[in-house]
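J.: Below: sequence and its predicted model.
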Amino acid sequence: MSKPSIPIKITCPECQGCINLEVEEHSNLCMYRCQVGHTYSLQEIIKGKEVQVENHFWTIIGLLEHLETLYEQLLQERLEAQTLSASDRQNIHDRLACVARHKQIVLTLTEENTPPPLNDGDE
Ligand SMILES: [Zn+2]
């Protein structure tokens, strides 16, 4: 007899595939299995999601740094070509300040984002 398998609204931490929750009939143990077969206990999938959150924070920080570099390059190019209007100069400086502020906020989030230490659940 097959285990009950319930689709849930969480994706696989490894492949982003759909996940089904499978409950062992005798032990009531929950297992999370994605469409390609990645399998997790509840604690393992929480750890996987914690890693994803951390990685996404760093992805955002990287993207904001890219924007800083590119806007500074645009500013420099237009200054050298003498095509920088006063309004564009102000808009680019405003955006650079905003990007720097957002980067600091996300850096603070990464520092505060500390998953709790968890035992294996056997105790
Ligand atoms: Zn998967």
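T.: It's in.

J.: how much space between the residue lying farthest from the centre of the chain and the ion?
T.: Distance from the centre of the chain peaks at Gln82, with 40.0 Å (C-alpha atoms, centre = their mean). Distance from Gln82 to the ion, counting by C-beta to the ion, to the nearest Å: 54 Å. In short, each C-beta sits where N, CA and C put it, glycine included.

J.: How confident was the prediction at that residue?
T.: Here the pLDDT value assigned to Gln82 is 95.

J.: Near the ion, which residues of this structure? Just list them.
T.: The interface of the chain toward the ion, taken as C-beta under 5 Å from the ion, is made up of 12, 14-15, 17, 34, 36, 38.

J.: Looking at those residues, which are in strands?
T.: The members of those that map onto strands under DSSP state E are Cys34.

J.: Please check the residues of the chain next to the ion and keep the buried ones.
T.: 12, 34, 38 (16 or more other C-beta atoms under 10 Å).

J.: got the residue ranges for the strands in this structure?
T.: Counting by DSSP E, the strands of the chain are 5-11, 18-23, 30-34, 39-40.

J.: And for the longest one, what's in contact with it?
T.: With C-beta atoms under 8 Å, 6 or more residues apart in numbering as the contact definition, strand 5-11 has outside contacts at 17-23, 32-34, 45, 49.

J.: Let's test this: mean pLDDT of that strand, rounded?
T.: Average pLDDT, strand 5-11: 95.

J.: Please name the residues that touch Tyr40.
T.: Tyr40 is in contact with 13, 31-33, 48, counting by C-beta under 8 Å, 6+ apart.
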